[in-house]
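> Test case, fold it:
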Amino acid sequence: MTKTRERARVKLVRSPESQWEPGGPVTSKQEALVTLPRRELDRIWSPEYLERLARTYWRWLSKISLGLLRVVYTPTTRRIVFLIPPFTLLRFHAPEYETKPDCGVVTWRIDRGLLVAPGGRGEGFLRITVTRPDDTEGDEVSARVSSEVANFYPALGGWGWFAKIGAWIYRNTQLRIHVIVTNGFLRSLARLQLVPSKVGQLRTEIERPS
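Residues are numbered from 1 along each chain as shown. Now for the predicted structure:
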């Protein structure tokens, strides 16, 4: 089997440990520096490729779970389902995009799902951010890519007397798996294989830094 050639170098950035108190919201962030040829970054520095980066994240989730997790697209939602739609683990609102000359952000606001505590419905978000440094000399440049979950209330965390037990279970299962999967996604960016979006909402280019 031919190994896919890596076109960039990825270095994971040590992030603060995930913040969470039993019964409260979770904040978890993973980051990486992706070093690639400047001409390659210039080529893909556009809203279209921001949307493709977002699509690649969902594709990675399905791939790493061997197809057990699927992403269902509608005009107003994104749903992570376990095998079939009735088992919706997480439902997000449609993505919100923000583009600047040196930064691109895509945010999915969390709606509900089996993994969301009842009191946390409509709270929290998943966000992918990519930034490029100010122009410097050299043929290579390092872009910073981060994936963040914030203000998420996990159903597995429980409440009341069960909260401390639930906290231990959540930290050692769902949260740990999330960190491993996200770091795997960041490492996969070394191949720079950003799959086409299913929606194709964005087409115009981000304004280049002057």
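
> For Trp168, the count of nearby residues, please.
Trp168: 11 surrounding residues under other Cβ atoms under 10 Å. In short, each C-beta sits where N, CA and C put it, glycine included.

> Does it fall in a helix, a strand, or a coil region?
With DSSP: H, G, I helix; E, B strand; the rest coil as the basis, Trp168 sits in helix.

> Low-confidence bits of the protein, can you list those?
Along the chain, segments meeting pLDDT under 70 span 1-5, 17, 19-20, 22, 158-162, 198-210.

> quick one, longest helix in it?
helix 47-64 (DSSP state H).

> Using neighbour counts, pick out the buried residues of that helix.
47-61, 64 (16 or more other Cβ atoms under 10 Å).

> Tell me which stretches of this protein form strands.
Here the chain has its strands, by DSSP state E, at 9-13, 26-37, 69-73, 77-82, 88-93, 96-100, 103-112, 125-131, 140-152.

> among these, which is nearest Arg191?
Among these, the nearest to Arg191 by Cβ to Cβ is strand 9-13 (9.6 Å).

> Name the residues of the closest one that are buried.
Val10.

> Also stretch 109-123?
Arg109, Ile110, Asp111, Arg112, Gly113, Leu115, Val116, Ala117, Gly120, Glu123.

> same thing with stretch 35-42?
Within stretch 35-42, the residues that count as buried by 16+ other Cβ under 10 Å are Leu36, Leu41.

> next one: stretch 172-187
By 16+ other Cβ under 10 Å, the buried positions in stretch 172-187 come out as Gln174, Leu175, His178, Val179, Val181, Thr182, Asn183, Phe185, Leu186.

> I am finished for the moment; much appreciated.
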